[in-house]
Every structure is written in C-alpha cells, then in structure tokens.
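[1] sequence first, predicted model second:
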Amino acid sequence: MGFPGTWMTESQSVVYRVVPKCACSTIGQIMHYSDHGRFFDGDIHDAKDGLHKWALDHSQAPILDTVTGHKAYAFTCVRNPYTRVLSSFFDKICGIQRNGRRYRGNLVPKLTYEYGIEVGGEDGKQEFDQIKSFRRFLLFVRDTIRFRRPMDPDIHWSSTSGHVSTFICNGGRYDKIIWTEKFNEGMQDVIDAIETPHVVDLAAVPRFNESEGHGPKRAHPVEDYFDDLSMHLIYEIYKRDFEVFKYDFENPGNKMPIGEIDLDEVHAKLGG
C-alpha cells in the first residue's frame, strides 16, 4: 500500500500527509519554499519536481525510508467536517475546474438527473437554491461512502480520518496534527520543530487557495445548510472525524475545535 497522499521536502526535513480541502495548497507551497527559497510557479498539485510525492515513482523509496524509519518530523492538517463538505460542494460540484470543465466529466449531469441537484447553470453563476441542492448532495455523499454507489467516494469528501489513517496503518507516525481553523499557530509549531534550508516567515506567506473562485459564493451561514436530517447524515459519515479531531458536532455554526487532539488516541483509533 505504501504512503499515498504523502509529500516530503527534497531535503527530507519534513513529511506531510495531504488531506484534500485542508489547506494542502498552502502547506505544499510552504514546503517547497523551505527547500528552494521560492514558491512553485503554479498549482503545487501539478509540481513534478521540487517536492517528493508518493505519486512520483522516484519519490517512493526516499519517502518509504524516511517514514518507516521516522527519520523526519511528520504532520497533517484537518478541518471541521461541516465546512469541509460544504467547501467540496461549492468547489467540486458547483464550480468550473482549472481545465475549464466540470469536475470528473459526467458527474454533475449524473447528480442533476439522479439526485435533483442544481449547480447554478452551465457556468455555476446563476441563482439556485443552495440549501436544497447541498442537502441532496449530502445524500449522494452518504451513498458513495456507505454503499459505494453510484460511485466510490471521492477524496474531497471522503472522511479526513480515512486519509489520516492510511499513514498510520502502513507504518507512519505523526508528530503533529494541525487544524485548518488555527493554521498559523499550528504551522508555526511545525516550522519551529524542523530545520530547513530556507527560513519561512509564515506572516509573509500568501494563502494559496487553488479552489477559490471555482464555484458560486456561499449565500448563507454554515448552520443554515444543516437541518436535523443533514446533521444525522453528517454524523453517520464523519463521526470519527468529530471524535478524534475534537470538533463540535452539536453546533454546525462553530467551526473551531473544542478540545486538544490526543496523538496517542489518534494512533490507537485510526491505526487498527
């Protein structure tokens, strides 16, 4: 199985397990800068050099050696399940992607036909009932995760704990898990714990939100999208995320964590 979704600096100063929709573009760019003194010109997900990635054949041996031997500081970044799944809906379902097309080709027409989801027209810019469409999208998300139909779950809405766990199950161990909601604070802890060829001034790092502008703007507060049924579905899908990463299930309007992450608990619960 190895370490899918794992990135490492070429200097092997730090290892990062990517979780989609959790500041991964910014983290990747910080890692690139820490080695090369400059940001990657473009979307860091497209970079084929300047950063070790498990998806690149030449990177697998050094990542495997470093992770299994715990020779470098390893971390990941997580996000509140309510805001993460909302972000996935507006970016991946309603939005036009970097290539000028809809995400995953025929996915949106399929959702329109089978679940009655609206996405704001051809360009994603027309008015539509965001709340109704999002709640129908949640049914689709539940179907992909619980029943693997009408397709396997997508990495952008499959559970954060699922992404985080593969690293543990295959022999890795995290030194730190940071929250997207307290990004600067958590990322500073990571930077302070490692030695890099170039100094990173976190205050001067721009936010590389590669999904911003893909889709329509969210028209309502987060909590308006979640009624009792939606919250039930969210708990069914993301129960472990709320538990181990200490988010507030009871209040969709509170995106902030409500406790400290216990790394021993994470390794015990997600390492089985």
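    Arrived safely. Note that this is a predicted model, so its numbers are computed, not measured. Residues are numbered from 1 along each chain as shown.

[2] alpha carbons only for contacts and neighbour counts from here, please
    Will do.

[3] which residues sit against the longest strand that the chain contains?
    The strand that spans the most residues within the chain, counting by DSSP state E, is strand 73-78. Strand 73-78 has contacts (C-alpha atoms under 8 Å, 6 or more residues apart in numbering) with 13-19, 22-24, 67, 160, 164, 173-180, 190, 193-194, 245.

[4] any low-confidence regions in this protein?
    By pLDDT under 70, the low-scoring segments of the chain are 210-214.

[5] which residues in it form strands?
    6-8, 14-17, 52-53, 73-78, 176-179.

[6] all helices of this protein, in order?
    Applying DSSP state H to the chain gives helices spanning 24-36, 57-68, 81-88, 107-115, 130-147, 160-169, 183-193, 228-245, 263-270.

[7] nearest to residue 208, out of these?
    helix 24-36 (4.8 Å; C-alpha to C-alpha).

[8] and the angle from the closest one to strand 73-78?
    160 degrees (axes from the mean of the first three to the mean of the last three C-alpha atoms, to 10 degrees).

[9] got the CA positions of helix 24-36 in PDB?
    Extracted C-alpha coordinates of helix 24-36, given in PDB (Å, rounded to 0.1, in the frame of the first residue of the first chain):
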ATOM      1  CA  CYS A  24      -3.000  21.500   1.300                       C
ATOM      2  CA  SER A  25      -2.000  24.000  -1.400                       C
ATOM      3  CA  THR A  26      -0.600  26.400   1.100                       C
ATOM      4  CA  ILE A  27       1.200  23.700   3.000                       C
ATOM      5  CA  GLY A  28       2.800  22.300  -0.200                       C
ATOM      6  CA  GLN A  29       4.000  25.800  -1.200                       C
ATOM      7  CA  ILE A  30       5.500  26.400   2.300                       C
ATOM      8  CA  MET A  31       7.400  23.100   2.000                       C
ATOM      9  CA  HIS A  32       8.600  24.000  -1.500                       C
ATOM     10  CA  TYR A  33       9.700  27.400  -0.300                       C
ATOM     11  CA  SER A  34      11.500  26.000   2.800                       C
ATOM     12  CA  ASP A  35      13.800  24.000   0.400                       C
ATOM     13  CA  HIS A  36      14.200  26.300  -2.600                       C
END
